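Novice: test case, fold it:
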Amino acid sequence: MTLSAARPGRIAASPVSTILGWMQGRTVTEGWDVVCAIAYDKVNEWFLEQYVDRLSAGEDAVINGSVTQAGGVAIQAVNLTLGPPLINFSPTYPANYVGLTVNFLSGQVNVVQTNGGATNVLSTQVITPGDDYALTGLVPLASVQGEVDNGHDVVIDIVNGQSFSARLDLPEGAQTLLGQFMKSWLVDNLKGYTYKLGTLIYDDNGTNLVPAGTFQFATQIDATDATDTGRLLLFIPTTYNPGGGSQTALGLADVVPQGCSTALIISSRALFAGILANFYTSTFGNFGVQATASQTTPSSAYSLALTAGSVPLGEQSYAFNPN
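Specialist: Modelled structure (predicted):
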């Protein structure tokens, strides 16, 4: 089962026919009841929407401050305006980490030196849009309680981020020092700089296909496809199998169908052994119908067998009118 929306960018490596062929006759969710995949560009669209909403609400994404190096040299950020956060995926990143880039849109960066009470400006950078100057780093993903009832947010956890650097025309050590300063500034001044990648929202819809226990997430990228920008994967245990699955990886490198931005896969076990078996048994149990789900091997898909029943109708009479 797929949940799709138009995606105008990259042509996915997996057409729908390829994904359905991979799923044919076997279980693919590694024991998880539900797996959801979200394309990288859709997540960044959501980040941009949140960025605009935060600015509209009065948030001031402008850094003013300084950090001191050895020898009395300081790096000053003057009205340094930040753009929206952007993330990227890579197989070289640590597990559950994404790359974070926050572009500098405008402002000024000065390198000054204080000596004997006198301050000298050693260099000045005036930043304009398109200069390709940015704050970069690696941030882990985290699950937090959402604002919506029965909702859990997947967020970038900048507090526990690493390898931050202010990508400017500065020596590497100065860029690292300024990057750490800016990371701390974001955490202290912009609501912890918590941006949501998505929200898992659920309610009791009668099927019991609701999250149970802790869902997990991972990133997915096709290392053989240079154009692949990657996906966020959510692995969700439900009431039918609250223990979850065996691993947070899938056997197909790109599970989002061509032209789509998201995909939703429900395991055959949850569908046949959980939802459909209960439905047929409860609906037609009075007529002797029994529903039994099974799989022939541990890797095969579940199937459902219905045993027919009967019900006595008693004596019936009919009338036939030739007109």
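Novice: which one is G161 nearest to, not counting chain neighbours?
Specialist: Spatial nearest neighbour of G161, chain neighbours left out: V139 (4.0 Å); criterion: C-beta to C-beta, 6 or more residues apart in numbering. (Each C-beta comes from the backbone N, C-alpha and C, glycine too.)
Novice: tell me which element that neighbour is part of?
Specialist: Following DSSP states H and E, one finds V139 within strand 134-145.
Novice: for that strand, which outside residues touch it?
Specialist: For strand 134-145, the surrounding residues in contact (C-beta atoms under 8 Å, 6 or more residues apart in numbering) are 82, 87, 93-94, 96-104, 151-158, 160-167, 179, 182-183, 194, 197, 214-215, 217, 232.
Novice: from these, which land in helices?
Specialist: Among the contacts of strand 134-145, the residues falling in helices (DSSP state H) are G179, M182, K183.
Novice: output the strand holding V139 as PDB - backbone C-alpha positions only.
Specialist: Taking Å, rounded to 0.1, in the frame of the first residue of the first chain, the C-alpha atoms of strand 134-145 are listed here in PDB:
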ATOM      1  CA  ALA A 134      26.500  28.400   5.700                       C
ATOM      2  CA  LEU A 135      26.500  26.700   9.100                       C
ATOM      3  CA  THR A 136      27.000  23.000   8.800                       C
ATOM      4  CA  GLY A 137      27.000  20.000  11.100                       C
ATOM      5  CA  LEU A 138      25.700  16.500  11.800                       C
ATOM      6  CA  VAL A 139      22.600  16.100  13.900                       C
ATOM      7  CA  PRO A 140      20.900  13.000  15.300                       C
ATOM      8  CA  LEU A 141      17.100  12.400  14.900                       C
ATOM      9  CA  ALA A 142      14.900  12.100  18.000                       C
ATOM     10  CA  SER A 143      11.400  11.300  18.900                       C
ATOM     11  CA  VAL A 144       9.500  13.700  21.200                       C
ATOM     12  CA  GLN A 145       6.000  14.100  22.400                       C
END
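Novice: average pLDDT across that strand?
Specialist: The average pLDDT for strand 134-145 rounds to 89.
Novice: and stretch 28-44, by the same measure?
Specialist: Per-residue scores along stretch 28-44 average to 91.
Novice: dump the C-alpha coordinates for it into PDB.
Specialist: Taking Å, rounded to 0.1, in the frame of the first residue of the first chain, the C-alpha atoms of stretch 28-44 are listed here in PDB:
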ATOM      1  CA  VAL A  28       9.500  -7.100   3.400                       C
ATOM      2  CA  THR A  29       9.000  -5.100   6.600                       C
ATOM      3  CA  GLU A  30      11.500  -7.000   8.700                       C
ATOM      4  CA  GLY A  31       8.900  -7.800  11.300                       C
ATOM      5  CA  TRP A  32       7.500  -4.300  11.700                       C
ATOM      6  CA  ASP A  33       3.800  -3.800  11.200                       C
ATOM      7  CA  VAL A  34       4.100  -0.500   9.400                       C
ATOM      8  CA  VAL A  35       7.000   1.200   7.500                       C
ATOM      9  CA  CYS A  36       6.700   4.800   6.300                       C
ATOM     10  CA  ALA A  37       9.200   6.400   4.000                       C
ATOM     11  CA  ILE A  38       9.400  10.200   3.400                       C
ATOM     12  CA  ALA A  39      11.600  11.700   0.600                       C
ATOM     13  CA  TYR A  40      14.300  14.100   1.500                       C
ATOM     14  CA  ASP A  41      13.000  17.000  -0.600                       C
ATOM     15  CA  LYS A  42       9.500  16.700   1.100                       C
ATOM     16  CA  VAL A  43      11.100  17.000   4.500                       C
ATOM     17  CA  ASN A  44      13.000  20.200   3.500                       C
END
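Novice: gap between that stretch and the chain center?
Specialist: Stretch 28-44 has its C-alpha centroid displaced from the chain centroid by 8 Å (C-alpha atoms, centre = their mean, to the nearest Å).
Novice: ok, back up a step: can I have the buried ones of the contacts of strand 134-145 as a PyMOL selection?
Specialist: In PyMOL, a selection of the buried entries from those looks like this (16 or more other C-beta atoms under 10 Å):
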select buried, resi 82+87+93+97+98+99+100+101+102+103+104+152+153+154+155+156+157+158+161+164+165+166+167+179+182+183+194+197+215+217+232
